[in-house]
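> Here is a sequence together with a model predicted from it:
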Amino acid sequence: MHESSTVGIIANPASARDIRRIVADGGSVTTHDKLSRLRRVMSGLGSVGVRRVISMADRGGIMAGLLRASAGVSAKGWPTLEFVEQPVTHSPEDTTTATRAMVEAGVGSLVVLGGDGTNRLVASHSAETPLVSMSTGTNNAFPRPVEATVAGMAAGLVATSEGCRDAGTYRAKKLEVRAGDRLEQALVDVAISEDGSVGSGALWDVADLSELFLCFAEPGSIGLSAIGAHMQTSSRRSKTGLHLVLSPQSPTRVLAPIGPGLVSAVGVQSASVLEAGARQDPRSPRGVIAIDGERMVPFGPGNRPSVTLRTNGPVVVDVEATLHAASSEGLLRSVARGSPLDDNSNTRTKKQTAEPWEVST
Amino acid sequence: MNPMNRLELYTEMVRIRQYESRILQEYHGDKAPAWDIGAGLIPGEMHLSAGQEPAAVGVCAHLKKGDAITAPHRPHHFALAHGVDMNAMTAEIYGRTTGLCKGKGGHMHLFDPENHFSCSGIIAQGYPVACGQALAMKRRGTDNVAIAVAGEGAANQGAFHESLNLAAVWNLPVVFVIEDNDWAISVPRSDSTATTSNADRAAGYGIPGVRVENNDVEAVFEAAGAAVDRARAGEGPSLIEVHTLRLWGHFEGDAQAYRTDLETVDERDPIPRYAQALLASGDLVEEQVQQIAEAADAEVDAAIQFSLNSPIPAAEDALLHVFA
């Protein structure tokens, strides 16, 4: 590790509160629970030498809770904490404004607390900054389950060590959606629903879906991508995606967990590999486009949409691979010289007195 | 959601807005001196609900005969959306004998046994009452539901917490609605509340809690529909918090000097925004905008005329129909 670095934090205060608490068995991630995870992230970041954190401003309790915690005794060893100077609009705009500010400030990585929706917003502005995504949402195919302390360490290691960044990150795919003037992107799935209403946003009923475009389809996921995963798998690391045509009448049915507590048998008419760069035009003449599980864009003959898979999505941190790299590089060990455990793989030289995980100043 | 639903939601929101706008005019029209709330044809305090129509309309769209609502001190939108007779309600606001409470309750005390509608100026006190109504419905074996409405400030009252707890323990068919308009009179939520969403508090009592952002009537409609269905099916209580907007003062005469968000209030008005969305989707056409507003105005005019033509209670009747 060579220099002190800055890490950004974006924690969506509104995640895990939508209608899926009633129509499905969506869990509750309270503000207090989100703050507990953030405290763990801060400890993890501080432990590997991150000195400064910039966090999104909000009035949903995250900023206030972090400020309170950072003044407490348990914050010893935490990085210093700053907040983006931004107007708080209680809308997705807060996330994108904060992301842009953090990228501009040159943060070494971005820790994201939210679901697929939050990650999508961050990824649309994160450019080359690696994302450490932690799930505090409802349906999460994009963020992998990870303990917050470890996620904080990984975010710090990626920010401070080139070796960790090289070995611990990969570039994700994305789906680009155009409809009229609108350009949106998805990190997991784009679904075409023939019911034209946006309603409360969240999608939990697959009956009206006619088509599905997937960045990846990995067994073990929850959400619409699970439908594809149980038909024909597609890895998040591969260069292609998956395209499904759905039909309730189809004799081919796929059992998939599409939401918390919701396992549906979905009629699939066809499944084919989605090549990067090849523009797809959904067949339905009108309906609504759901992006990463959220109904967002109504369309009709005046704004027929197109969907294209791209391989230049966000840079994503694989937490396990990062810790693995740090361990291989000896960044997490301090072995006394001459001890039986000293295998000389430790990068410390004679002149260095700091532990390998401490940042020289 | 079909186009008819959308048009109905819009029409009902406009009906309420036209009502509140006229009451606003009438209330201030003859107050002399202006600060004397007892003066004029509409005596007493006045809390108008402009901006909060999405909460009432989205919830009440799912209610049927026998369902109950307990509303707070700002009750007109829920009363109208629940089908309380506009004439009788207006006469009550004007303090006339043809009013819901024979002119003795005023705008904060609208009691309509026919429609199981009631409201109270005592903060959060509709919550325990709704639990009682829901218990009665459950014991009678009906599939009716009780809706309890309160503001976000009320959720810091003991009655709120006790009600959620009891409803969860007894698995009552009640839907708790919190209208979060950011201001408890003049107190911002952050100064008084240890949590940022009452959906979190619902989790504490083991019941589903949903927060609806953006004062969006269709989102309220969907969330409330799911909660009402759940309650009717015997699956117990839910909480829905609607992040809404108080377009005007806490009460009429409130100068709102404390309010830091006044500049953006008008652009957040949910009704023009919904009209734009429906015009864009083709569910509403330009001529209808005017027609819907005019039809509402005519109904409101008639209700006000009915009230003005109704007698004022006689002094010798002061002790009749009162229970305390």
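Cool, got the structure. Residues are numbered from 1 along each chain as shown, chains lettered A, B, ... in the order given.
> Break down the stretch 51-200 of chain A into its helices, ranges please.
According to DSSP state H, counting those that start in this stretch, the stretch 51-200 of chain A carries its helices in the segments A:62-70, A:92-104, A:116-123, A:148-160, A:162-168.
> ditto for the stretch 201-324 of chain B
B:217-232, B:270-281, B:286-308.
> do the same with the stretch 201-350 of chain A
A:225-229, A:319-328.
> Using TSV, lay out the helices of the stretch 51-200 of chain A together with distance to chain B.
All C-beta atoms are positioned from the backbone trio N, CA, C, and that covers glycine. Shown next, in TSV, are the helices of the stretch 51-200 of chain A (distance: least, Cβ to the nearest Cβ, whole Å):
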stretch	distance to chain B
helix A:62-70	7
helix A:92-104	10
helix A:116-123	12
helix A:148-160	18
helix A:162-168	33
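> Could I get the average pLDDT for stretch A:323-341?
Averaging pLDDT along stretch A:323-341 gives 85.
> hmm, back to that, can you tell me which of the helices of the stretch 201-350 of chain A is nearest to A:Gly46?
Nearest to A:Gly46, of all the helices of the stretch 201-350 of chain A, is helix A:319-328, at 15.4 Å by Cβ to Cβ.
> Quick check: buried residues in the closest one?
A:319, A:322-323, A:325-326 (16 or more other Cβ atoms under 10 Å in any protein chain shown).
> A:Val41 - that's part of a strand, no?
No: applying DSSP: H, G, I helix; E, B strand; the rest coil, one finds A:Val41 to be helix, outside a strand.
> Which secondary structure element of chain B has the lowest mean pLDDT?
Least confident helix or strand of chain B, by mean pLDDT, DSSP states H and E, is helix B:189-192 with a mean of 85.
> Give me the distance between A:Leu187 and chain B.
The gap separating A:Leu187 from chain B is 21 Å, by Cβ to the nearest Cβ, to the nearest Å.
> quick one, what contacts that residue?
Residues near A:Leu187 by Cβ atoms under 8 Å, 6 or more residues apart in numbering or on different chains: A:116, A:119-120, A:123, A:142, A:172, A:174-175, A:215, A:292, A:313-314.
> what about 6 Å?
Shown in contact with A:Leu187 (Cβ atoms under 6 Å, 6 or more residues apart in numbering or on different chains): A:119-120, A:123, A:142, A:174, A:292.
> of those residues, closest to A:Gly241?
A:Gly241 has its nearest neighbour among these in A:Lys174, at 9.7 Å by Cβ to Cβ.
> Look at the closest residue in space to that closest one that isn't next to it in sequence and say how many residues are nearby.
Spatial nearest neighbour of A:Lys174, excluding adjacent residues (Cβ to Cβ, 6 or more residues apart in numbering or on different chains): A:Gly313 at 3.7 Å. Per other Cβ atoms under 10 Å in any protein chain shown, the neighbour tally for A:Gly313 reads 23.
> Identify the residues contacting A:Gly313.
Taking Cβ under 6 Å, 6+ apart, we find A:Gly313 in contact with A:172-174.
> Model confidence at the residue nearest the centre of chain B, what's the number?
In chain B, the centroid-proximal residue (Cα atoms, centre = their mean) is B:Phe78; its distance is 3.3 Å. The score at B:Phe78 is 98. That number is its pLDDT.
> still on that earlier bit, format the helices of the stretch 201-324 of chain B as TSV; extra columns: mean pLDDT and distance to B:Asp85.
Output for the helices of the stretch 201-324 of chain B, formatted as TSV (pLDDT from 0 to 100; distance: least, Cβ to Cβ, whole Å):
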stretch	mean pLDDT	distance to B:Asp85
helix B:217-232	96	23
helix B:270-281	94	23
helix B:286-308	98	9
